[in-house]
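Enquirer: using only what follows, build the 3D model:
(chains A and B)
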Number of protein chains: 2
Amino acid sequence: MKESRRRFSRQEYVDRQTKVRQSMREKGVDVLIVTDPSNMCWLTGYDAWSFYVHQCLVIDVNTALLWYGRIIDASAAQMTTDLPATDIIPYPDDYVMSTERHPMDYLCGVLRDRQLINGVIGVEMDNYYFSAKAYEALQQGLPKTKFVDATALVNWQRSVKSTAELTYMRQAGAIIKKVYDHILEKAEPGMAKNALVAEILHASVSGTDGVAGDYAAIVPLIGAGEEASACHLTWDDSLIEGDTGVFFEIAGVVSRYHCPCSRTVYFGKPQKKYREIEAVINEAIANTLPVFAPGRTCGEVAATFFDTLEKHGFNKDNRCGYPIGLSYPPDWGERTMSLRRTDTTVLQAGMTFHFMPGMWFDDWGFETTESLVVTEQGGECLSSVYRGMLVKP
Amino acid sequence: MKESRRRFSRQEYVDRQTKVRQSMREKGVDVLIVTDPSNMCWLTGYDAWSFYVHQCLVIDVNTALLWYGRIIDASAAQMTTDLPATDIIPYPDDYVMSTERHPMDYLCGVLRDRQLINGVIGVEMDNYYFSAKAYEALQQGLPKTKFVDATALVNWQRSVKSTAELTYMRQAGAIIKKVYDHILEKAEPGMAKNALVAEILHASVSGTDGVAGDYAAIVPLIGAGEEASACHLTWDDSLIEGDTGVFFEIAGVVSRYHCPCSRTVYFGKPQKKYREIEAVINEAIANTLPVFAPGRTCGEVAATFFDTLEKHGFNKDNRCGYPIGLSYPPDWGERTMSLRRTDTTVLQAGMTFHFMPGMWFDDWGFETTESLVVTEQGGECLSSVYRGMLVKP
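Expert: The predicted structure follows:
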């Protein structure tokens, strides 16, 4: 690893690999093919925008740990991981986006050479970066091998954050605070949305003193006026209007670690319905934060939140949060737990969530969200952005 | 569709659907499940950052055309497509990232209700957004249905661009020209890379007079000094050094249409090896551009380019380009043709490529790339960025 690219100690990576191997043993997985780029980075440090072609790590329960990817990305693996050169295995370029051969065909040969085909192989069945075709190629190439679904096996090991990881997430929290300060300074009615997003991106990537901003796994989402009824629209060149609320769903990011934070900014004197929902959501957040404590469950968190909303006559028919941390596009969620009534996962200190009280109505919307870490004292927010509607008169 | 969100006429979308249905008939596909967000947008206009959950279009050879996605994204489908409300079909939120139920389970019921299960169903087997698990859920839910691989069926229909599409791509070309002007103005040795990327993003999204910049499917890639030997690293907080070359792989983007353009910027008086490779690459580009003409092939383009390099003793073991246009993360390529010797695809007027003469050596790299459209007169570049090394003394 090029030391300027090092984000965690060699030992921290080894500890992570040990945790994954322990989970593999428990689940009867002998060899795991890791295609989620977040998992690849967490396990080894590998970091490059190369996930648009097939690539993976291969880890067995004993000692094997291989990076496998396109030949022109092998140098990035050398620079960003501690793997020895002999465990960085490139495939030739004519396997890239070919209709005749698939990178997973070539991987079958690698697995055979390394004697990694005699046990049960786990694959991340429901990941963006493990296509139906990739699985078919593996099955055809290794017809005698048993494959099992190991989706999120690694993701679950990532849920409790280390001290070093939390440091990055708090730094990301400082960046998103700066970004909101910048929004309040720059945004005004009549400004084109893309011009405002340009300011957001500039502030996010500039970072804070001494800490560089990284790219977010999701681009800035911005919902203004009636478009705020849709939660995942991106910007266009339309103008921000006065006397309306605009929500921002954005994140500070440091070394691929995210601190998402949504706020609604109101331009003018807030309409009554905005103040009402602000009060309800703030009450719900205040009630719910203490429940983010070790021993409580995702379901209890969700119930506390939804019950408060319902007491005030509001109904939210979607989950109110998800775990966060290291991520790559298209999602900054960790894809394990969900904050919904039916999720019985028990919380542990050091777990991190994006607690997501967003409300989308027929022709408007409102978001106040917090990224937080589970502590004995309840959820501790990772940023200090003012919690409530941000008003620019 | 909300008219402020309209990018193409209703008729252009109908024409695209007709082309896809024609191709489906030729290939014996009765119903196509379209999961690639670029294909979803091209066919209907659907545009939101919702592709991190399962979603698709369903199109049959006759008249059916459905949007299927998460319930909270249905309003985005109403705003960005011409589909009637009855053909926008949401799935409940408890199918999102659940370990018990999969959105494709629910889709099976929809297909059954709409009587779309009696023919051959095509799926995009090798797409980021069609996971192995999604395919398994479909196969288990519809055990009597025959599925065939229809990867890139829609992508191929996108290869020849319409006048309206080319307009967006030329606008994107104007934006990337502005971005390079901005880089030359702002960049200097001692500047942190993330600070420079902040400037790039600001200029890209600000756009040009009257045209907003959209987000690129790939974040800015920047290779400086020895890191330029790796082609897909992203930025960190290290400083740009003097007396070295830095390549930028970036794109202007308008309404999701990309104009990628890479250049190498040299800070100081260029070393001889940079001037030598610049001359070779410029000669190779000049030789190759005329071959981007209707009736010629991808292989002829690649051969002309590689032959010129080899004449000068250089060998490039990866493809030298790919088609471009509308795209979403993680890739701005169209994933059909490749500019390599073995690709026999015949070029047609209106096809657009990112012609990608990048050279990566052991401890440095160099990129000069052009986005172009195939015309009777050969490849016409979509941007007017100075072709050569950009030198900042």
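
Enquirer: what does the stretch 151-300 of chain A have sitting close to chain B?
Expert: Proximity of the stretch 151-300 of chain A to chain B, by CB under 8 Å from any CB of the partner chain, involves residues A:151-152, A:192-195, A:197-199, A:201-207, A:210-215, A:218-219, A:221, A:227, A:229-238. The way it works is simple: take the backbone N, C-alpha and C, and place the C-beta from them, glycine included.

Enquirer: in strands, which of those residues appear?
Expert: A:Leu221 (DSSP state E).

Enquirer: from the residues of the stretch 151-300 of chain A next to chain B, list the buried ones, please.
Expert: Among these, those scoring as buried are A:151-152, A:192-195, A:197-199, A:201-207, A:211-215, A:218-219, A:221, A:227, A:229-238 (criterion: 16 or more other CB atoms under 10 Å in any protein chain shown).

Enquirer: cross the residues you listed against helices and list the overlap.
Expert: Using DSSP state H, A:193-195, A:197-199, A:201-206 are the members of these that sit in helices.

Enquirer: can I get the residues you listed in CSV with pLDDT and distance to B:Val291?
Expert: Formatted as CSV, those follow (pLDDT from 0 to 100; distance: CB to CB, whole Å):
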residue, pLDDT, distance to B:Val291
A:Lys193, 97, 41
A:Asn194, 98, 37
A:Ala195, 98, 41
A:Val197, 98, 39
A:Ala198, 98, 38
A:Glu199, 98, 43
A:Leu201, 98, 38
A:His202, 98, 40
A:Ala203, 98, 45
A:Ser204, 98, 42
A:Val205, 98, 39
A:Ser206, 98, 43
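
Enquirer: now, among those, which is nearest to B:Trp364?
Expert: Closest approach to B:Trp364 among these (CB to CB): A:Val205, at 25.2 Å.

Enquirer: isn't the closest one right next to A:Gly213, touching?
Expert: Yes: counting by CB atoms under 8 Å, A:Gly213 is a contact partner of A:Val205 at 4.3 Å.

Enquirer: need the longest helix for chain A.
Expert: Scanning chain A for the helix with the most residues, using DSSP H, yields helix A:163-186.

Enquirer: show me what that one is packed up against.
Expert: Contacting helix A:163-186 under the criterion 3 or more CB pairs under 8 Å, 6 or more residues apart in numbering or on different chains; DSSP states H and E are the following elements: helix A:193-206, strand A:244-254, strand A:257-267, strand A:370-375, strand A:390-392.

Enquirer: what's the closest of these to A:Gln171?
Expert: Comparing the helices and strands packed on helix A:163-186 by CB to CB, strand A:244-254 comes nearest, at 4.4 Å.

Enquirer: please spell out which residues along the closest one are buried.
Expert: So, applying 16+ other CB under 10 Å, buried residues of strand A:244-254: A:244-254.

Enquirer: same deal with stretch A:179-196?
Expert: For stretch A:179-196, the neighbour count (16+ other CB under 10 Å) marks A:179-180, A:182-183, A:187, A:192-196 as buried.

Enquirer: cool, stretch A:260-268 as well?
Expert: Under 16+ other CB under 10 Å, the buried positions of stretch A:260-268 are A:260-267.

Enquirer: touching, A:Phe355 and A:Gly379? I think so.
Expert: Yes: A:Phe355 is within contact range of A:Gly379, at 6.8 Å (criterion: CB under 8 Å).

Enquirer: now do the shared contacts for these two.
Expert: A:288-289, A:292, A:370, A:372 (CB atoms under 8 Å, 6 or more residues apart in numbering or on different chains).

Enquirer: most surrounded residue in those?
Expert: Using other CB atoms under 10 Å in any protein chain shown as the neighbour test, the shared contacts of A:Phe355 and A:Gly379 are led by A:Phe292, with 28 neighbours.

Enquirer: that one: what's it in contact with?
Expert: A:301, A:347, A:353, A:355, A:372, A:374-375, A:378-379.

Enquirer: need the strands for the stretch 51-200 of chain A, in chain order.
Expert: Assigned by DSSP state E, counting those that start in this stretch, the stretch 51-200 of chain A shows strands spanning A:56-60, A:65-70, A:88-91, A:120-123, A:146-149.

Enquirer: can you tell me what sits against the last one?
Expert: Contact partners of strand A:146-149, identified using CB under 8 Å, 6+ apart, comprise A:27-29, A:120-123, A:125-126, A:135, A:138-139, B:133.

Enquirer: so can I have CSV of those residues showing neighbour count and pLDDT?
Expert: Below are those laid out as CSV (neighbours: other CB atoms under 10 Å in any protein chain shown; pLDDT from 0 to 100):
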residue, neighbour count, pLDDT
A:Lys27, 14, 98
A:Gly28, 12, 98
A:Val29, 25, 98
A:Val120, 16, 98
A:Ile121, 22, 98
A:Gly122, 25, 98
A:Val123, 26, 98
A:Met125, 22, 98
A:Asp126, 22, 97
A:Tyr135, 22, 98
A:Leu138, 22, 98
A:Gln139, 15, 98
B:Lys133, 21, 98
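
Enquirer: how many neighbours does the residue nearest to A:Gln157 when sequence neighbours are not counted have?
Expert: Of all residues beyond its chain neighbours, the one nearest A:Gln157 is A:Lys19 (4.6 Å), with distances taken as CB to CB, 6 or more residues apart in numbering or on different chains. Neighbour count for A:Lys19, taken as other CB under 10 Å: 16.

Enquirer: for A:Ala150, the count of nearby residues, please.
Expert: 22.

Enquirer: now do the same contact list for it.
Expert: Residues counted as contacts of A:Ala150 (CB under 8 Å, 6+ apart) are A:24, A:27, A:29, A:32, A:122-125.

Enquirer: from those, pick the one nearest A:Thr99.
Expert: Distance ranking of the contacts of A:Ala150 against A:Thr99, using CB to CB, places A:Val123 first at 22.6 Å.

Enquirer: turn the helices and strands packed on helix A:163-186 into a markdown table, columns for distance to B:Asn62.
Expert: A markdown table is the format used below for the helices and strands packed on helix A:163-186 (distance: least, CB to CB, whole Å):
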| stretch | distance to B:Asn62 |
| --- | --- |
| helix A:193-206 | 39 |
| strand A:244-254 | 39 |
| strand A:257-267 | 42 |
| strand A:370-375 | 48 |
| strand A:390-392 | 51 |
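
Enquirer: so A:Arg5 sits against A:Tyr46, correct?
Expert: No: applying CB under 8 Å, one finds A:Arg5 not in contact with A:Tyr46, separated by 10.3 Å.

Enquirer: identify the contacts common to these two.
Expert: Counting by CB under 8 Å, 6+ apart, the residues touching both A:Arg5 and A:Tyr46 are A:Thr80.

Enquirer: now A:Ala224. Nearest residue, chain neighbours left out?
Expert: Per CB to CB, 6+ apart, closest to A:Ala224 is A:Val246, 4.2 Å.

Enquirer: partner residues bridging that neighbour?
Expert: Taking DSSP bridges as the rule, A:Val246 bridges to A:Ala224, A:Val265.

Enquirer: quick one: pLDDT of it?
Expert: A:Val246 is assigned 94 on the pLDDT scale.

Enquirer: quick one: it and A:Met389, what's the gap?
Expert: Using CB to CB, to the nearest Å, A:Val246 is found at 11 Å from A:Met389.

Enquirer: so what sits against both of those two?
Expert: Joint contacts of A:Val246 and A:Met389 (CB under 8 Å, 6+ apart) are A:264-266.

Enquirer: as a markdown table, those with pLDDT would be great.
Expert: Supplementary listing: those in a markdown table, determined by pLDDT from 0 to 100:
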| residue | pLDDT |
| --- | --- |
| A:Thr264 | 96 |
| A:Val265 | 96 |
| A:Tyr266 | 96 |
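
Enquirer: tally of neighbours for A:Pro393?
Expert: Other residues within reach of A:Pro393, judged by other CB under 10 Å, total 7.
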